[in-house]
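K.L.:
Just a sequence and a predicted model for now, questions to come.
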Amino acid sequence: MMTGTEARQRAREALAQVKARVASHKQVDPFFLDLCLGEAPVGGWAAVGHAVTQVGRVDAAGAYTPSPCQQALQGRDVPSIVTQVYLGPAAMRGRYDYPSLHRALPETVMWLMENVRGEKGGAPRIYIQVPDGVEALEHAPDDTLAILELLAGLPLEGVALAEDPTESPDTPHES
């Protein structure tokens, strides 16, 4: 049984940890983007100035082919781009596998940065949205974490993991 002195000491330690966490959160420069993806069709433009795209493909020879919705953005002014990436095994079926996704993600981001204009003619802000993020972490944690680690090294504005029951994993990926 803990003495009153020990309990107070543990409470002080916990409070110090909370204060340290709060201090670190005060250092964050947050940026929020409305990810109401239902309002902007894939490859479409929403009033908030963002487009929704899918990942392109890298063939066996290493050549990159942007998705049709990426091609629709080429040369246009689009300040923010949300690229949907499914990472759960069920949703990935028929779209891509982890190795091909690992090759395609950096190419997708680079292609968007080089071919789509953002604000004031600069590069667009690119976000990755993982509609099945919770399911992916539950059913394929190692593969999901490897992809998230890859994304952490890319010039992205952010990554959003979600568990959206309205997203259908059976929707075929565009070629």
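P.N.:
Arrived safely.
K.L.:
Which of the three states applies to the residue most central in space within the chain?
P.N.:
By CA atoms, centre = their mean, the chain has its centre lying nearest to residue 128, at 2.3 Å. Each residue gets one of three states, and residue 128 gets strand by DSSP: H, G, I helix; E, B strand; the rest coil.
K.L.:
ok, it - contacts?
P.N.:
82, 83, 85, 105, 151, 156, 158, 159, 160 (CB atoms under 8 Å, 6 or more residues apart in numbering). Every C-beta, even on glycine, is put in place using the N, C-alpha and C of the backbone.
K.L.:
Now which of these would you call buried?
P.N.:
Burial by neighbour count, 16 or more other CB atoms under 10 Å: within those this picks out 82, 83, 85, 105, 151, 158, 159.
K.L.:
A helix includes the first one, no?
P.N.:
No - secondary structure assignment (three-state DSSP) places residue 82 in strand, not in a helix.
K.L.:
Residue 127 is in contact with that one, correct?
P.N.:
Yes - between residue 82 and residue 127 there is a contact under CB atoms under 8 Å: 4.9 Å.
K.L.:
who's the residue nearest to the centre of the chain bridged to?
P.N.:
Taking DSSP bridges as the rule, residue 128 bridges to residue 83, residue 159.
K.L.:
so what pLDDT did it get?
P.N.:
On the pLDDT scale, residue 128 is placed at 94.
K.L.:
Count residues in the vicinity of residue 106, would you?
P.N.:
16 (other CB atoms under 10 Å).
K.L.:
isn't residue 91 right up against residue 139?
P.N.:
No - the pair residue 91 / residue 139 is not scored as a contact, 10.1 Å apart, by CB under 8 Å.
K.L.:
More neighbours: these two, which one.
P.N.:
Remark: of residue 91 and residue 139, residue 91 carries more neighbours, 21 against 14, as counted by other CB under 10 Å.
K.L.:
any weak-confidence spans in the chain?
P.N.:
By pLDDT under 70, the weakly predicted segments of the chain are 24-49, 164-175.
K.L.:
Closest one to residue 64 out of the contacts of residue 128, please.
P.N.:
Of all these, the one with the least separation from residue 64 (CB to CB) is residue 105, at 10.9 Å.
K.L.:
Surely that closest one is in a strand?
P.N.:
No - counting by three-state DSSP, one finds residue 105 to be helix, located in no strand.
K.L.:
OK, contacts around it?
P.N.:
Residue 105 touches 55, 85, 128, 147, 150, 151, 154, counting by CB under 8 Å, 6+ apart.
K.L.:
What about residue 88, how many residues nearby?
P.N.:
22.
K.L.:
was I right about it contacting residue 141?
P.N.:
No - contact between residue 88 and residue 141 fails when scored by CB under 8 Å: they sit 11.0 Å apart.
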